[in-house]
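A.B. asks: generate a structure from the sequence data that follows.
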Amino acid sequence: MNYYILTYTTPENYLEEREKYRKDHLSHATEYFNEGYLLLGGAIDSANEAVLVFKANSDKIAKAFAENDPYTKNGLIKSWSVKKWNVAIGDDLV
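C.D. replies: This next block holds a predicted model:
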């Protein structure tokens, strides 16, 4: 298993618009969490960015999450990217 970091960049109106889709977004995230793929997730500071940490065999899980996220589908994500995270400390988590 590997770790993957999904980063989101949000538009200016994110905080005003997210309430419409928040319940569906959190339900989507809970599914991945319950399956053991999503470990952590949340907004950074002013919510202009968000980071989600996944544990999976490939980046396909994190990419599928982003592509099917209600926030992405409804234009609340300006851009997103997935990168493999090579954990150097805390490998007992791997």
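A.B. asks: ranges for the strands of this structure?
C.D. replies: Assigned by DSSP state E, the chain shows strands spanning 2-9, 38-44, 49-56, 79-85.
A.B. asks: make CSV out of those strands and add distance to Lys73 and mean neighbour count.
C.D. replies: All C-beta spots, glycine's among them, are computed from the backbone N, C-alpha and C. Formatted as CSV, the strands of the chain follow (distance: least, C-beta to C-beta, whole Å; neighbours: other C-beta atoms under 10 Å):
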stretch, distance to Lys73, mean neighbour count
strand 2-9, 13, 18
strand 38-44, 17, 14
strand 49-56, 16, 18
strand 79-85, 12, 14
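A.B. asks: where does the prediction get shaky in the chain?
C.D. replies: Low-confidence segments of the chain (pLDDT under 70): 91-94.
A.B. asks: sorry, back to before: nearest to Glu31, out of the strands of the chain?
C.D. replies: Evaluated over the strands of the chain, closeness to Glu31 peaks at strand 38-44, with 8.5 Å, by C-beta to C-beta.
A.B. asks: name the strands paired with that closest one and say parallel or antiparallel.
C.D. replies: Using DSSP bridges, the strands paired with strand 38-44 in its sheet are strand 49-56 (antiparallel).
A.B. asks: outside of the partner strand, which residues touch it?
C.D. replies: 1-10, 29, 32, 36-44, 61-62, 65, 85 (C-beta atoms under 8 Å, 6 or more residues apart in numbering).
A.B. asks: any idea which helix is longest in this protein?
C.D. replies: helix 22-34 (DSSP state H).
A.B. asks: related to what we said a few turns ago, between the strands of the chain, which one is closest to Arg18.
C.D. replies: When these are compared for distance to Arg18 using C-beta to C-beta, the nearest one is strand 38-44, at 9.4 Å.
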